[in-house]
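Visitor: Could you look at this predicted model? Sequence included:
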Amino acid sequence: QVQLVESGGELVQAGGSLRLSCAMSGRTFRLYAMNWFRQTPGKEREFVAAISWDGGRTAYSNSVKGRFIISRDNAKDTVHLQMNSLKPEDTARYYCAANYNTGTTLSSLGSNMEYWGKGTLVTVSS
């Protein structure tokens, strides 16, 4: 059984930082590109960041580029999202997602993801 478990979400003030983590079990982690998405009530799910199976390539949405950093530790089957200079508009539930991909092309489409976590809530106060 595949599990993706996110952690690290909490209430933080604008301008602050948070580090989200996602641990994967049940599959060979290093065969999967890992991704972060976010969603707020009433809005569509939004792509945030992606990282290739080996960590060699990353991709970010324009809204977080330069502020967020995605990384992975294949020895610990974990992906992280370092979020800096947080803004109130970053408030959302953040989801970790995995898609089988040992290539170099990253996807930002939720429909391409095979596995999802249940999310962790990030709230940024102004």
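Guide: Cool, the structure landed.

Visitor: Could you list the low-confidence segments of this structure?
Guide: Residue ranges of the chain with pLDDT under 70: none are present.

Visitor: which residue packs closest to the residue nearest to the spatial centre of it, ignoring adjacent ones?
Guide: Central residue of the chain (CA atoms, centre = their mean): residue 36, 2.2 Å from the mean position. If the residues on either side of it in the chain are set aside, residue 36 comes closest to residue 48, at 4.2 Å by CB to CB, 6 or more residues apart in numbering. All C-beta spots, glycine's among them, are computed from the backbone N, C-alpha and C.

Visitor: how far away is the one you found from residue 73?
Guide: Distance, residue 48 to residue 73, by CB to CB, to the nearest Å: 19 Å.

Visitor: Of the two, give the one with the bigger neighbour count.
Guide: Comparing residue 48 with residue 73 by other CB atoms under 10 Å, the one with more neighbours is residue 48, at 24 against 13.

Visitor: Which neighbouring elements make contact with the helix or strand containing the more buried one?
Guide: Taking DSSP states H and E as the definition, one finds residue 48 inside strand 46-51. The contact analysis (3 or more CB pairs under 8 Å, 6 or more residues apart in numbering; DSSP states H and E) places strand 46-51 against strand 32-39, strand 58-60, strand 68-73, strand 78-83.
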